[in-house]
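Enquirer: need the 3D shape of this:
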Amino acid sequence: MSQLKASKRSERISKARLLVARFSRGNVNLQRGAYVTEQQLQERKKSVLAHSFT
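Expert: This next block holds a predicted model:
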């Protein structure tokens, strides 16, 4: 079951990357898939807030 979920997730990511690449005009980084999703951004914020800088 876990393998099926992973497969669907990777398929969803692939479709999203194709969509972004198709509609990003002139931005090579977006066309290559170098972007951050909202979920990834929220996870990054949580990790930075949890870090002790002292």
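
Enquirer: Arg12: which element?
Expert: helix 2-23 (DSSP states H and E).

Enquirer: give me the residues contacting that helix.
Expert: Here helix 2-23 makes contact (C-beta atoms under 8 Å, 6 or more residues apart in numbering) with Leu30, Gln31, Arg32, Gly33, Tyr35, Thr37. Every residue, glycine included, has its C-beta placed from N, CA and C.

Enquirer: give me the subset of those lying in helices.
Expert: Those of the contacts of helix 2-23 mapping onto helices are Leu30, Gln31, per DSSP state H.

Enquirer: any weak-confidence spans in the protein?
Expert: Applying pLDDT under 70 to the chain picks out residues 1-4.

Enquirer: ok so, going back, pull out the buried residues from the contacts of helix 2-23.
Expert: Buried members of the contacts of helix 2-23, scored by 16 or more other C-beta atoms under 10 Å, are Gln31.

Enquirer: quick check: the farthest pair among the contacts of helix 2-23?
Expert: Taking C-beta to C-beta, the two most distant members of the contacts of helix 2-23 are Gln31 and Thr37; they sit 16.2 Å apart.

Enquirer: returning to that earlier point: in the helix holding Arg12, what's buried?
Expert: Within helix 2-23, judged by 16+ other C-beta under 10 Å, the buried ones are Val20.

Enquirer: on that earlier part again, take the contacts of helix 2-23 and lay them out in JSON lines including distance to Arg12.
Expert: As requested, the contacts of helix 2-23 are exported to JSON lines (distance: C-beta to C-beta, whole Å):
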{"residue": "Leu30", "distance to Arg12": "18"}
{"residue": "Gln31", "distance to Arg12": "19"}
{"residue": "Arg32", "distance to Arg12": "19"}
{"residue": "Gly33", "distance to Arg12": "14"}
{"residue": "Tyr35", "distance to Arg12": "15"}
{"residue": "Thr37", "distance to Arg12": "11"}
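
Enquirer: no further questions, thank you.
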